[in-house]
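Enquirer: what follows is a protein structure lacking sequence information:
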């Protein structure tokens with residue numbers, strides 16, 4: 001049987017293995033039986049979130065544990081509340097940026113940290129070794145919702161900018177019809193900003209649909225039309241942020257890392273003059289950071305691997321090009337609202353625009369092609385693919401790089417070619433992607 005856990009928890013089509021009722025029940029029971037007896041659960045706005053939460057609750061109860069719900073709360077909110085409360089674990093029911101048909105289960109320790117690989121493997125062994133069938137007549141458990149918990153997270157966000165106020169700032173927020181549809185506009189308004197809302201009317205089916213961090217074009221148009229100071233786009237569970245400046249230009253995770261590194265450097269808060277990124281970070285970011293006297297450490301793709309490296313080296317800042325940014329002094333995971341607040345605070349304090357603050361990053365062109373695959377073999381063992389990669393690397397000859405990996409959350413191969421010549425990398429990327437389609441597509 002394949003592994004349950006991918007790059008970011010368990011993810012699948014809701015109702016299908018491993019997100020069928022019986023497996024969800026086993027996951028809850030295995031959690032409780034692993035010593036995590038008091039569990040906090042939260043969810044995003046997908047129509048499947050309620051029944052998945054309820055069957056998790058049934059499993060936890062059957063495993064002699066207890067759990068309560070925080071309701072609809074962003075993933076970073078669930079991590080924060082788990083760490084602050086008397087909980088042994090936190091469980092987020094969300095498939096992040098995926099469409100509504102999918103859902104997922106992300107598990108956090110009592111300290112608000114995503115489980116490491118070893119802990120996931122141990123828990124997975126418990127789940128897969130369970131042979132009991134779903135008891136006949138068993139009903140899902142409607143959980144008690146602790147309605148006061150989201151306000152605790154809201155207070156934390158508001159306090160994160162200290163005494164800074166946002167009067168005079170006009171901010172457009174695209175909440176992706178997801179978990180932050182109420183929280184994100186609320187905290188910015190409480191800090192004095194004028195807020196224009198986009199995608200804040202979830203119906204269970206429209207999460208991430210042509211909106212949010214994966215589709216910032218609508219936000220960009222609204223920002224320029226209404227002369228906003230900036231725009232903030234979140235994804236379905238609000239653990240990533242993509243920004244838009246007043247001219248409609250997209251500011252992604254690479255830009256954010258550079259901006260925040262400069263801010264921390266100025267305040268003497270960037271330990272070791274180091275930023276942690278992933279293998280997907282643009283070569284231009286590495287060069288721009290080097291010019292600031294900052295080194296970039298790369299990890300595997302996944303914000304938990306970024307955090308693990310940050311903790312290992314005691315680093316303050318890390319993140320991904322996709323907008324997962326971790327400010328370790330205040331958060332244990334990527335937090336899109338928190339990052340948006342920090343950027344707004346920089347604008348309010350300096351009087352500089354987002355465009356000015358994000359200058360200095362000359363990005364190398366990247367060709368990223370996602371190829372649906374039926375299986376995930378070692379592609380280096382496929383002769384035609386291996387030869388094409390070797391030939392492409394020889395052609396780039398130190399002027400670019402090739403990164404190919406399988407998605408940890410979807411049946412896809414991700415082919416990325418980066419270099420100075422856009423036409424060259426496009427041609428090389430398409431050639432390799434076509435071979436993936438022919439061999440295992």
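Expert: Yep, that arrived. Quick caveat: nothing in here was measured; it's all calculated off a predicted structure. Residues are numbered from 1 along each chain as shown.

Enquirer: please enumerate the helices of the stretch 51-200 of the chain.
Expert: Using DSSP state H, counting those that start in this stretch, the helices of the stretch 51-200 of the chain run over 75-84, 117-129, 149-159, 183-190.

Enquirer: okay, buried residues for the third one please.
Expert: Spelled out, that is helix 149-159. Neighbour counts over helix 149-159 (16 or more other C-beta atoms under 10 Å) mark 149, 150, 153, 154, 156, 157 as buried. Quick note: C-beta positions are derived from backbone N, CA and C, even for glycine.

Enquirer: residue 359 versus the second one, what's the distance?
Expert: Distance of residue 150 to residue 359, given as C-beta to C-beta, to the nearest Å: 37 Å.

Enquirer: likewise for residue 334?
Expert: Following C-beta to C-beta, the distance that separates residue 334 from residue 359 is 24 Å.

Enquirer: more crowded one of these two?
Expert: residue 334 (30 against 14; other C-beta atoms under 10 Å).

Enquirer: now that one: closest residue in space that isn't a chain neighbour?
Expert: Leaving aside its chain neighbours, residue 334 sits nearest to residue 324 (3.5 Å; criterion: C-beta to C-beta, 6 or more residues apart in numbering).

Enquirer: which pLDDT value goes with that neighbour?
Expert: Note for residue 324: predicted pLDDT of 96.

Enquirer: that one against residue 240, yeah?
Expert: Yes: the pair residue 324 / residue 240 is scored as a contact, 4.8 Å apart, by C-beta atoms under 8 Å.

Enquirer: mutual contacts of the two, please.
Expert: Common contacts of residue 324 and residue 240 (C-beta atoms under 8 Å, 6 or more residues apart in numbering): 253, 334.

Enquirer: how about the backbone phi and psi for the residue nearest to residue 334?
Expert: Dihedral angles of residue 324 (phi, psi; degrees, to the nearest 10) stand at phi -70, psi 110.

Enquirer: count of residues packed around it?
Expert: 30.

Enquirer: for it, what are its contacts?
Expert: For residue 324, the contact set (C-beta under 8 Å, 6+ apart) comprises 239, 240, 253, 303, 306, 334.

Enquirer: same deal with residue 31?
Expert: Counting by C-beta under 8 Å, 6+ apart, residue 31 touches 39, 59, 60, 63, 65, 89, 91, 107, 123.

Enquirer: what about those residues, which are in strands?
Expert: Among the contacts of residue 31, the members falling in strands (DSSP state E) are 39, 89, 91, 107.

Enquirer: okay if I get the residues you listed as CSV plus pLDDT?
Expert: Output for those, formatted as CSV (pLDDT from 0 to 100):
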residue, pLDDT
39, 97
89, 97
91, 98
107, 97
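
Enquirer: most neighbours, which of these?
Expert: residue 91 (29 neighbours).

Enquirer: if I pick the nearest residue to that one once chain neighbours are set aside, what's in contact with it?
Expert: Ranked by C-beta to C-beta, 6+ apart and with sequence neighbours excluded, the top spatial neighbour of residue 91 is residue 41, at 4.8 Å. Residue 41 makes contact with 53, 56, 57, 67, 68, 69, 70, 90, 91, 92, 93, 143, according to C-beta under 8 Å, 6+ apart.

Enquirer: quick one, phi/psi of residue 41?
Expert: The phi/psi pair for residue 41 (degrees, to the nearest 10) is phi -120, psi 140.

Enquirer: do the same with the one 4 residues further on
Expert: The phi/psi pair for residue 45 (degrees, to the nearest 10) reads phi -100, psi 10.

Enquirer: tell me how many other residues surround it.
Expert: 25.

Enquirer: next one: it from residue 225, what distance?
Expert: 26 Å.

Enquirer: report the contact partners of residue 230.
Expert: Shown in contact with residue 230 (C-beta under 8 Å, 6+ apart): 169, 171, 172, 223, 243, 244, 245, 246, 343, 344, 347, 354.

Enquirer: format those as JSON lines; extra columns: secondary structure, pLDDT and distance to residue 267.
Expert: As requested, the contacts of residue 230 are exported to JSON lines (DSSP: H, G, I helix; E, B strand; the rest coil; pLDDT from 0 to 100; distance: C-beta to C-beta, whole Å):
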{"residue": "169", "secondary structure": "coil", "pLDDT": "98", "distance to residue 267": "21"}
{"residue": "171", "secondary structure": "strand", "pLDDT": "98", "distance to residue 267": "23"}
{"residue": "172", "secondary structure": "strand", "pLDDT": "98", "distance to residue 267": "28"}
{"residue": "223", "secondary structure": "helix", "pLDDT": "98", "distance to residue 267": "28"}
{"residue": "243", "secondary structure": "strand", "pLDDT": "98", "distance to residue 267": "21"}
{"residue": "244", "secondary structure": "strand", "pLDDT": "98", "distance to residue 267": "26"}
{"residue": "245", "secondary structure": "strand", "pLDDT": "98", "distance to residue 267": "23"}
{"residue": "246", "secondary structure": "coil", "pLDDT": "98", "distance to residue 267": "25"}
{"residue": "343", "secondary structure": "helix", "pLDDT": "98", "distance to residue 267": "15"}
{"residue": "344", "secondary structure": "helix", "pLDDT": "98", "distance to residue 267": "17"}
{"residue": "347", "secondary structure": "helix", "pLDDT": "98", "distance to residue 267": "16"}
{"residue": "354", "secondary structure": "helix", "pLDDT": "98", "distance to residue 267": "19"}
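
Enquirer: which among those residues count as buried?
Expert: Counted by 16+ other C-beta under 10 Å, the contacts of residue 230 give 169, 171, 172, 223, 243, 244, 245, 246, 343, 344, 347, 354 as buried.

Enquirer: so of the helices of the stretch 51-200 of the chain, which one's packed in deepest?
Expert: Mean neighbour count (mean count of other C-beta atoms under 10 Å) peaks for helix 75-84 among the helices of the stretch 51-200 of the chain, with a mean of 26.

Enquirer: okay, angle between that helix and helix 149-159 too, please.
Expert: On the basis of axes from the mean of the first three to the mean of the last three C-alpha atoms, to 10 degrees, helix 75-84 is oriented at 100 degrees to helix 149-159.

Enquirer: tell me where the stretch 251-400 of the chain has helices.
Expert: 253-266, 283-291, 303-313, 336-350, 354-357, 383-396.

Enquirer: neighbours of residue 406, how many?
Expert: 17.

Enquirer: so what's residue 97 up against?
Expert: If a contact means C-beta under 8 Å, 6+ apart, then residue 97 has 176, 208, 212, 213, 214, 235, 236, 240 as its contacts.

Enquirer: the third one: neighbour count?
Expert: Going back to what we said before, that points to residue 212. Other residues near residue 212 come to 28 when the count uses other C-beta under 10 Å.
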